[in-house]
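K.L.:
Could you work out the structure for the sequence below:
(2 chains)
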There are 2 protein chains.
Amino acid sequence: MKIGVLGAGQLGRMLALAGYPLGLEFKFFNTVADAPAGQFASLVVGQYEDEKALADFVSDLDVVTYEFENVPVNAVNILERYVNVYPPAKALEYSQDRLVEKTLFRDLGIPVPNFYDVTGLESLQESLLRTGFPAVLKTRRMGYDGKGQAVLRSEADVKEAWQSLQGNALILESFVGFEREVSMISVRSKTGETKFYPLTENHHREGILRKSIAPAPSLTDELQTQAETYAKRVLERLEYVGVLAIEFFVKEDQLIANEMAPRVHNSGHWTIEGAVTSQFENHLRAVAGLPLGSTQTRGSSAMLNLIGVRPNVDDVLKLENAHLHWYGKSVRPGRKVGHVTLVGETVKETQHQLILLENLLSKI
Amino acid sequence: MKIGVLGAGQLGRMLALAGYPLGLEFKFFNTVADAPAGQFASLVVGQYEDEKALADFVSDLDVVTYEFENVPVNAVNILERYVNVYPPAKALEYSQDRLVEKTLFRDLGIPVPNFYDVTGLESLQESLLRTGFPAVLKTRRMGYDGKGQAVLRSEADVKEAWQSLQGNALILESFVGFEREVSMISVRSKTGETKFYPLTENHHREGILRKSIAPAPSLTDELQTQAETYAKRVLERLEYVGVLAIEFFVKEDQLIANEMAPRVHNSGHWTIEGAVTSQFENHLRAVAGLPLGSTQTRGSSAMLNLIGVRPNVDDVLKLENAHLHWYGKSVRPGRKVGHVTLVGETVKETQHQLILLENLLSKI
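P.N.:
Numbering: from 1, shown residues only, chains lettered A, B, ... in the order given. Alright, predicted model coming up:
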């Protein structure tokens, strides 16, 4: 079976590495030639608006998936004339627009911050009367890694944010004074089978994921069940096939949905070594119409992203239980170039290793 | 770092899959183009006698290794003019000739069956007086998967075996009435660091490995220590770098060396999911001059080879804890086309899954 993947970054690369042992073949579609997945899979360079390029790409494929959520929906619609595309196009539509996404969550009874459609400066001021300060102004589309958003703490912030974000469709959200952030990585097969990984605790800085701990420390059955219930509602409403990630804030033991990504997710990288079946393999099993694999954890995991740094490989590999994943990219400030996963038998063992690894990376 | 690999079968394929996350690049050299590793790595087709082809191959490489032990030593000597080749050429020399190999074991104080150099029919008869029946007549070179050998139980067998094997350099060995077969997968780094996986119990049929159980059932510390001691002697004598596999017979709690392979080994495939660091990653770490990874087991493993059969992938993947490895080969009788590893938390859990998997495969 030959799988087409839209996008060819590190997520695509890790999909290919998970799929080759299953006998799957891959072809990637990307707007530029220099991409991590192209280093060991065939890569077609084209534009998403180029109908002929898409038709050529799909000609020998059995199914198509994608590794980033900003694929133009129209490109997916074109590809769907030829083969199935999973996750379904409507998952893209919902996740590409924060207003539509939050409305979906609310319709499904999933708690969300208060949110308001901002159609102009006047509408922003009106919405701010309802949220109060602080609040968060975000572009409805194309935001990622903390880009396209601003926290508003005073009238002065409003002016500045408006100047930088106006011209985009915007949404205003209540600021959630959360205790921590977690994510639910879930997967649904073509037959409707669903599986869930344990909630992962995520630590961001400057809007970029830095660290994930899995399972989330002090995770209760109640919180896990809450997350699974919410994820299942989204999976079923969208007739979803593949891996879906939902990020939540945790406040007073309640989950508040922040956003979702219809793809494998950075906060699920620990599953490569830390779960029986990785998120990458389970995504492929789902889109290829195979049975899902166990999402049971294997020990206690922690993952650190390598952002704009190349550590000394020797030092990392000397750490017992450290698994290095290098994405084959050149190092640039702020760029995710790899990650390291630590898997210990106990939480204590992993925490100890994590301190060593964080020390090591802080010295670069 | 770019690593050249001589041979491009499933072992090479699994080396590449283990090496990409470390940021390693690969180029394979093979006598035919249709090879499993060539499906997602660059592959140069050439003959080992073609000095120019070898020089071209090595031109952009940092180090060379190999994935089968019948690489002509002369080819390695040529490559060594340009870059380091690991494991060292002398490991090939020893392992390519059963007489030289057994003599090395004996010199290192590692128990071996009685063995005799057979230089002709007369010499065979003389040697048989010393071994008695049964005995095993083997070609000194190019034997694998049970090929090039015959068990002699009577004078009639001698005649038949002589007719089929004469013309080759031969060795006669005492037949060992062993209780079981085990293998030691060991690894040595450039700095002389050594690591050992637990002994694996192996089950052969018609000379081909069918099943491995790791750790070997009822493995005692004494047997493990014995195996590590023997392996270490070989590693140090050969100033070895990389993974070395040694197969032993077990008889009355003693190990008797059968043969060695200077490469990653089929009986170590379980380490991909069943150990902290796989044999493939540790081999690459060694030849790339990196620190070795932990050889600690993760749970209880069993591996079944898929020989000449393609099972229903759905059925295999439905088994909890089953990891499918398909080599991208066409199915032919007697051909290793994949393997399945089961990893459970306990021996009991793995044994239960193994019964289900064996049932499933017996129905193909």
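K.L.:
all helices for chain A, in order.
P.N.:
Secondary structure of chain A by DSSP state H: the helices cover A:10-19, A:51-58, A:73-79, A:89-95, A:98-107, A:121-131, A:155-165, A:221-237, A:271-274, A:279-287, A:313-318, A:347-362.
K.L.:
Any buried residues in the longest one, and which?
P.N.:
Along helix A:221-237, the positions that meet the burial threshold by neighbour count (16 or more other CB atoms under 10 Å in any protein chain shown) are A:223, A:224, A:226, A:227, A:228, A:230, A:231, A:232, A:233, A:234, A:235. Yep, even glycine has a C-beta here, placed from its N, CA and C like the rest.
K.L.:
Give the buried residues for stretch A:69-88.
P.N.:
A:69, A:71, A:75, A:76, A:78, A:79, A:83, A:84, A:85, A:86, A:87, A:88.
K.L.:
Hmm, residue A:44 and residue A:31 touching each other?
P.N.:
No: if you go by CB atoms under 8 Å, residue A:31 and residue A:44 don't touch, sitting 10.4 Å apart.
K.L.:
out of these two, which sits in the busier spot?
P.N.:
The residue with more neighbours, out of residue A:31 and residue A:44, is residue A:44; 17 against 13, by other CB atoms under 10 Å in any protein chain shown.
K.L.:
Who are the contact partners of the more buried one?
P.N.:
Residue A:44 makes contacts with A:27, A:28, A:29, A:30, A:53, A:56, A:57, as judged by CB atoms under 8 Å, 6 or more residues apart in numbering or on different chains.
K.L.:
how about a cut-off of 6 Å?
P.N.:
For residue A:44, the contact set (CB atoms under 6 Å, 6 or more residues apart in numbering or on different chains) comprises A:29, A:57.
K.L.:
Just list whatever residues bridge to it.
P.N.:
residue A:29 (DSSP bridges).
K.L.:
how close does it get to residue A:235?
P.N.:
Distance from residue A:44 to residue A:235, counting by CB to CB, to the nearest Å: 30 Å.
K.L.:
before we move on, what about residue A:54?
P.N.:
The spacing between residue A:54 and residue A:235, counted by CB to CB, is 27 Å.
K.L.:
closest point of the stretch 201-350 of chain A to chain B, which residue?
P.N.:
Residue of the stretch 201-350 of chain A nearest chain B, by CB to the nearest CB: residue A:326 (3.4 Å).
K.L.:
Mind listing the residues bridging to that residue?
P.N.:
Applying DSSP bridges to residue A:326 gives these bridge partners: residue A:338.
K.L.:
What residues does the stretch 201-350 of chain A have near chain B?
P.N.:
Selection of the stretch 201-350 of chain A residues close to chain B by CB under 6 Å from any CB of the partner chain yields A:290, A:291, A:294, A:314, A:317, A:318, A:320, A:324, A:325, A:326.
K.L.:
Give the residue farthest from the middle of chain A.
P.N.:
residue A:122 (33.4 Å; CA atoms, centre = their mean).
K.L.:
Correct me if wrong: residue A:243 contacts residue A:280.
P.N.:
No: judged on CB atoms under 6 Å, residue A:243 makes no contact with residue A:280 at a distance of 8.2 Å.
K.L.:
neighbour-wise, which of those two wins?
P.N.:
More neighbours surround residue A:243 than the other of residue A:243 and residue A:280, with 31 against 24 (other CB under 10 Å).
K.L.:
Excluding sequence neighbours, find me the nearest residue to the more buried one.
P.N.:
residue A:283 (4.1 Å; CB to CB, 6 or more residues apart in numbering or on different chains).
K.L.:
Can you tell me how far that neighbour is from residue A:11?
P.N.:
9 Å.
K.L.:
and if you look at residue A:58?
P.N.:
According to CB to CB, residue A:58 and residue A:11 sit 20 Å apart.
K.L.:
more crowded one of the two?
P.N.:
residue A:11 (25 against 22).
K.L.:
Contact partners for the closest residue to residue A:131 other than its chain neighbours?
P.N.:
Excluding the flanking residues, the one nearest residue A:131 by CB to CB, 6+ apart is residue A:174, at 4.6 Å. Residues in contact with residue A:174, defined by CB under 6 Å, 6+ apart, are A:113, A:114, A:131, A:135.
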